[in-house]
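Peer 1: Give me a 3D structure for the following:
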Amino acid sequence: MAPVPKHHDLIVVGAGFGGLGMGIRLKQAGRDDFVIVDQGSGVGGTWHANRYPGAACDIPSLLYSYSFAPNPNWSRNYPEQAEIEAYLNDCVERFGLAPHLQLRTRVTAIAWDAHTQRWAVDAQQRDGAALRWTARVVVAATGALSRPATPDVPGLAEFAGPVMHTARWRAELPLEGRRIGVVGTGASAVQLVPRLAEKASRVVLFQRTPAWVLPKRDRPIGAFRRWVHEHVPGARRLARALIYAVHEMRAPGFTWRPALLKSLEPVASLQLRKQVKDPALREALTPRYRLGCKRILIASDFYPALQRPHVELVPTAIARVVPDGVIGADGRHHPLDVLVLATGFHAAEAMAPFPVHGRNGADLNQVWRDGARAYLGTTVPGFPNLFFLVGPNTGLGHNSMVYMIESQLRYVVDALERMDRAGIAALDTKPQVADAFNDELQRRMKGTVWSTGGCTSWYQTRSGLITTLWPGSTLEFRLRTRRFRLADYDEPLRA
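Peer 2: This is a model prediction of the structure:
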């Protein structure tokens with residue numbers, strides 16, 4: 001028997017920075033009729049799922065937190081996974097979000113009902129129980145980095161030992177004395193390899209493309225600095241503003257004058273020369289594209305770890321996986337006990353994480369078949385009252401995503417308030433408005449480092465379309481989302 005639907009004003013899908021921030025802002029706006037649904041056993045989104053050794057943020061802690069929920073007790077300049085997850089759990093308690101959480105529950109489909117002007121939301125709990133809600137508004141906060149990418153490597157299923165993705169880390173698996181292969185040299189790999197090198201008898205890192213690695217200026221935040229942040233009026237906000245400004249000064253180099261980023265390349269090259277003395281290894285670790293074209297990595301312990309006697313870099317493609325290890329493109333066999341996939345996530349090619357059907361049965365995955373598009377990264381024509389957080393073209397290469405999320409949170413709350421004041425039940429983005437916005441984005445994208453830097457990255461679809469990144473400053477995005485414009489939307493007709 002189908003479950004009897006329960007109605008809420010809003011359903012928020014995802015309990016990471018976006019979903020929890022949405023809940024906080026709704027509470028602050030006096031809106032209490034909402035549910036936050038997440039398939040995880042705890043809150044935190046990517047910071048709950050990614051529990052591999054060394055998992056940390058590459059944005060300073062003072063900036064990688066809500067402006068409306070400051071934390072004066074960060075222990076380090078760059079927070080690690082456990083501390084970020086603890087911060088988000090503290091936000092749940094501080095703002096009374098626990099009664100709104102529906103965890104261990106996976107949304108399986110949402111569909112727009114033109115007659116009732118509501119969304120039908122189907123979900124399933126881990127024990128198999130089916131749930132159904134209806135909602136006036138759905139906010140999709142599932143995040144851009146929530147669906148792990150598995151490489152298409154011949155023989156991967158034949159490996160006799162454990163295989164795990166960094167986003168699905170098996171903490172119970174013993175690593176001491178094991179021979180561990182790591183596939184990929186992205187952000188998770190540069191954090192993971194130094195930690196594995198402390199435990200494993202052998203670590204083999206398979207690198208397809210070397211990355212630009214800048215030094216990580218990490219250090220503990222002392223008791224005095226924490227006291228100042230908590231007790232001196234304005235000190236924490238000033239420190240946050242300065243960190244924001246330093247990061248934002250890099251925006252022109254990414255978005256319209258890539259030559260500006262060349263000034264950072266000597267910094268990365270100097271670290272490589274100082275930390276890697278072997279010429280052959282240094283050559284293998286030297287990128288052949290412009291800094292910024294792929295994600296810039298921040299680490300000061302990655303290169304030293306690669307030079308430990310039991311750690312090896314294999315700078316060639318993998319030919320195939322065999323039951324007892326990996327065969328490289330050069331034909332060499334690497335015996336392994338454990339294989340770790342540090343291969344990132346489906347981002348540019350990602351579709352909706354569950355079926356989404358809008359007006360007249362429109363299928364969002366079909367609408368996005370040539371690349372995801374949204375107006376201000378937040379709304380899509382044909383899908384009334386559906387808002388995306390960290391939607392298409394909202395990603396950054398230079399600053400904190402929390403800033404972008406807060407801009408979208410403000411936009412959604414303003415939309416709700418304006419709809420209520422005008423007595424409007426539902427609004428749908430005008431196609432011509434969305435098309436003009438996205439055409440502008442793609443024109444601007446042609447001048448960015450992601451298009452001109454000489455690389456192929458996960459920022460791009462297979463056709464070369466960049467659907468993940470914002471080609472401007474975060475301040476521009478904040479200004480463009482500061483107010484919900486009713487003129488950009490139409491009221492959908494009832495059935």
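
Peer 1: Flag the helix or strand of the protein with the lowest per-element mean pLDDT.
Peer 2: Using mean pLDDT, DSSP states H and E, helix 223-231 stands out as the lowest-scoring helix or strand of the chain, at a mean of 91.

Peer 1: Compute the first-to-last residue distance for stretch 276-292.
Peer 2: Its start and end residues considered, stretch 276-292 measures 22 Å (CA to CA, to the nearest Å).

Peer 1: cool, and stretch 421-439?
Peer 2: 32 Å.

Peer 1: on that earlier part again, name the next helix or strand downstream of the least confident helix or strand of the chain, please.
Peer 2: helix 235-248 (DSSP states H and E).

Peer 1: contacting residues around that following helix?
Peer 2: Residues external to helix 235-248 that are found in contact with it (CB atoms under 8 Å, 6 or more residues apart in numbering): 59-60, 62-63, 67, 70, 72, 228-230, 398-400, 403, 473-475. The way it works is simple: take the backbone N, C-alpha and C, and place the C-beta from them, glycine included.

Peer 1: Would you mark the buried spots in that helix?
Peer 2: Of the residues in helix 235-248, Arg236, Ala239, Arg240, Ile243, Tyr244, His247, Glu248 count as buried by neighbour count, 16 or more other CB atoms under 10 Å.

Peer 1: now the residues you listed as JSON lines including pLDDT?
Peer 2: JSON lines is the format used below for the buried residues of helix 235-248 (pLDDT from 0 to 100):
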{"residue": "Arg236", "pLDDT": "92"}
{"residue": "Ala239", "pLDDT": "94"}
{"residue": "Arg240", "pLDDT": "95"}
{"residue": "Ile243", "pLDDT": "96"}
{"residue": "Tyr244", "pLDDT": "96"}
{"residue": "His247", "pLDDT": "96"}
{"residue": "Glu248", "pLDDT": "97"}
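
Peer 1: hey, which helix is longest across this structure?
Peer 2: Determined from DSSP state H, the single longest helix within the chain is helix 401-422.

Peer 1: what helices or strands is that one leaning on?
Peer 2: Helix 401-422 makes packing contacts with helix 17-28, strand 386-388, helix 474-480 when contacts are defined by 3 or more CB pairs under 8 Å, 6 or more residues apart in numbering; DSSP states H and E.

Peer 1: which helices and strands does the first one pack with?
Peer 2: Based on contacts counted as 3+ CB pairs under 8 Å, 6+ apart, the elements that helix 17-28 packs against are strand 6-13, strand 34-37, helix 81-94, helix 401-422.

Peer 1: Next: the second one.
Peer 2: Judged by 3+ CB pairs under 8 Å, 6+ apart, strand 386-388 is in contact with strand 130-140, helix 401-422.

Peer 1: okay, the angle between the last one and helix 235-248?
Peer 2: Orientation of helix 401-422 against helix 235-248 (axes from the mean of the first three to the mean of the last three CA atoms, to 10 degrees) gives an angle of 110 degrees.

Peer 1: buried ones in helix 401-422?
Peer 2: Of the residues in helix 401-422, those buried by neighbour count under the rule 16+ other CB under 10 Å are 401-416, 418-419.

Peer 1: same deal with the first one?
Peer 2: Of the residues in strand 130-140, those buried under the neighbour-count criterion (16+ other CB under 10 Å) are Leu131, Trp133, Ala135, Arg136, Val137, Val138, Val139, Ala140.

Peer 1: now stretch 335-344
Peer 2: Buried, per 16+ other CB under 10 Å, within stretch 335-344: Leu336, Asp337, Val338, Leu339, Val340, Leu341, Ala342, Thr343, Gly344.

Peer 1: which residues are in contact with it?
Peer 2: Against stretch 335-344 from outside (CB under 8 Å, 6+ apart): 52, 145, 148-151, 156, 159, 161-166, 173, 175, 178-189, 192, 196, 204, 321, 324-326, 458.

Peer 1: Buried by neighbour count, from the contacts of helix 235-248: which ones?
Peer 2: Ile59, Pro60, Leu62, Leu63, His229, His398, Asn399, Ser400, Tyr403, Ser473, Thr474.

Peer 1: With Leu475 as the reference, measure out to the third one.
Peer 2: In this structure, Leu62 lies at 18 Å from Leu475, with CB to CB, to the nearest Å as the measure.

Peer 1: Going along the chain, name the helices of the stretch 51-200 of the chain.
Peer 2: 81-94, 187-197 (DSSP state H, counting those that start in this stretch).

Peer 1: helices or strands next to the helix or strand that the shortest one is followed by in the packing?
Peer 2: Once the chain leaves helix 187-197, the next helix or strand it forms, by DSSP H and E, is strand 202-206. Using 3+ CB pairs under 8 Å, 6+ apart as the contact criterion, the neighbours of strand 202-206 among helices and strands are strand 179-183, helix 187-197, strand 311-314, strand 325-328.

Peer 1: how about these, which one is nearest Thr467?
Peer 2: helix 187-197 (19.5 Å; CB to CB).

Peer 1: Mean confidence (pLDDT) on the closest one, please.
Peer 2: Averaging pLDDT along helix 187-197 yields 97.

Peer 1: Identify all contacting residues around that helix.
Peer 2: Helix 187-197 is contacted from outside by 50, 52-56, 58, 166-167, 175, 180, 182, 203, 205, 211, 213, 295, 297, 299, 301-302, 304-306, 308, 310-311, 340, 342, 344, using CB under 8 Å, 6+ apart.

Peer 1: Kindly report the same for stretch 113-126.
Peer 2: With CB under 8 Å, 6+ apart, stretch 113-126 has contacts from 5, 7, 11, 37, 102, 104-112, 130-138, 359-360, 384-386, 425-426, 492-495.

Peer 1: now the strands: where do they sit in the stretch 351-495 of the chain?
Peer 2: In the stretch 351-495 of the chain, the segments counted as strands under DSSP state E, counting those that start in this stretch are 356-357, 386-388, 428-429, 489-490.

Peer 1: Which other helices and strands does the first one contact?
Peer 2: Under the contact definition 3+ CB pairs under 8 Å, 6+ apart, strand 356-357 sits against strand 105-113, helix 364-367.

Peer 1: Throw those into CSV and include mean pLDDT, thanks.
Peer 2: Conversion of these to CSV gives the following (pLDDT from 0 to 100):
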stretch, mean pLDDT
strand 105-113, 98
helix 364-367, 95
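
Peer 1: want to throw the ones you listed into JSON lines with mean neighbour count and distance to Val433?
Peer 2: Below are the helices and strands packed on strand 356-357 laid out as JSON lines (neighbours: other CB atoms under 10 Å; distance: least, CB to CB, whole Å):
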{"stretch": "strand 105-113", "mean neighbour count": "19", "distance to Val433": "19"}
{"stretch": "helix 364-367", "mean neighbour count": "16", "distance to Val433": "16"}
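
Peer 1: hang on, the earlier thing: output the buried residues of stretch 335-344 in CSV; the columns should cover distance to Leu465 and secondary structure.
Peer 2: Formatted as CSV, the buried residues of stretch 335-344 follow (distance: CB to CB, whole Å; DSSP: H, G, I helix; E, B strand; the rest coil):
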residue, distance to Leu465, secondary structure
Leu336, 36, coil
Asp337, 40, coil
Val338, 36, strand
Leu339, 32, strand
Val340, 30, strand
Leu341, 25, strand
Ala342, 25, coil
Thr343, 21, coil
Gly344, 18, coil
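
Peer 1: right, and Gly184 touches Phe206 too?
Peer 2: Yes: the pair Gly184 / Phe206 is scored as a contact, 7.4 Å apart, by CB atoms under 8 Å.

Peer 1: Kindly reformat the buried residues of strand 130-140 as a markdown table containing distance to Glu83 and pLDDT.
Peer 2: What follows is these, written out as a markdown table (distance: CB to CB, whole Å; pLDDT from 0 to 100):
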| residue | distance to Glu83 | pLDDT |
| --- | --- | --- |
| Leu131 | 33 | 96 |
| Trp133 | 33 | 97 |
| Ala135 | 33 | 98 |
| Arg136 | 36 | 98 |
| Val137 | 32 | 98 |
| Val138 | 31 | 98 |
| Val139 | 26 | 98 |
| Ala140 | 27 | 97 |
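
Peer 1: That concludes my questions; thank you for your assistance.
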